[in-house]
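Visitor: Sequence first, predicted model second:
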Amino acid sequence: QVQLVESGGGLVQAGGSLRLSCAASGRTFSSFAMGWFRQAPGKEREFVAVINWNDARRYYAESVKGRFTISRDGAKNTVYLEMNSLKPEDTAVYYCAAKRDFATVQPASYDYWGQGTQVTVSS
């Protein structure tokens with residue numbers, strides 16, 4: 001049974017940094033894509049970043065490009081989202097997700113989801 005457990009969220013001032021972690025378990029993820037999504041109150045869940053586990057290709061939403069970095073540690077089965085220069089509009093619940101095969105940006109195409117971690121950026 002696949003489990004994704006996020007951690008690292010919290011409250012930070014604008015301009016600050018946070019690193020989110022997603023610990024994955026239950027199977028091997030070598031043929032998976034691992035993504036980060038976020039959902040703010042009253043808004044739809046939106047794509048943030050995704051990485052292919054096997055070749056480490058990465059894709060980012062325009063709104064976070066240059067500020068966020070997604071990475072993975074195969075030995076720890078963990079995916080990270082390094083978030084720098086945070087803005088109040090980055091405030092949301094951040095979710096880790098996994099899907100088989102190639103990376104996509106549509107939440108509906110992901111098979112597995114974590115429980116989410118709250119990120120709050122104060123102005």
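Guide: Alright, I've got the coordinates.
Visitor: use CA for all of it now, contacts and neighbours both
Guide: Noted.
Visitor: For the residue most central in space within the chain, what is the enclosing helix or strand?
Guide: The chain has Trp36 as the residue nearest its centroid, 2.2 Å off, counting by Cα atoms, centre = their mean. Using DSSP states H and E, Trp36 falls within strand 32-39.
Visitor: Show me the strands in this structure, by range?
Guide: 3-7, 10-13, 18-25, 32-39, 46-52, 58-60, 68-73, 78-83, 92-100, 112-113, 117-122 (DSSP state E).
Visitor: Gln106 is nearest to which of these?
Guide: Closest to Gln106 of the strands of the chain, according to Cα to Cα: strand 46-52, at 7.0 Å.
Visitor: related to what we said a few turns ago, could I get the strands of the chain as JSON lines with distance to Gln106 and mean pLDDT?
Guide: JSON lines is the format used below for the strands of the chain (distance: least, Cα to Cα, whole Å; pLDDT from 0 to 100):
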{"stretch": "strand 3-7", "distance to Gln106": "18", "mean pLDDT": "97"}
{"stretch": "strand 10-13", "distance to Gln106": "26", "mean pLDDT": "98"}
{"stretch": "strand 18-25", "distance to Gln106": "19", "mean pLDDT": "97"}
{"stretch": "strand 32-39", "distance to Gln106": "10", "mean pLDDT": "96"}
{"stretch": "strand 46-52", "distance to Gln106": "7", "mean pLDDT": "96"}
{"stretch": "strand 58-60", "distance to Gln106": "13", "mean pLDDT": "97"}
{"stretch": "strand 68-73", "distance to Gln106": "17", "mean pLDDT": "96"}
{"stretch": "strand 78-83", "distance to Gln106": "18", "mean pLDDT": "98"}
{"stretch": "strand 92-100", "distance to Gln106": "11", "mean pLDDT": "97"}
{"stretch": "strand 112-113", "distance to Gln106": "13", "mean pLDDT": "97"}
{"stretch": "strand 117-122", "distance to Gln106": "20", "mean pLDDT": "98"}
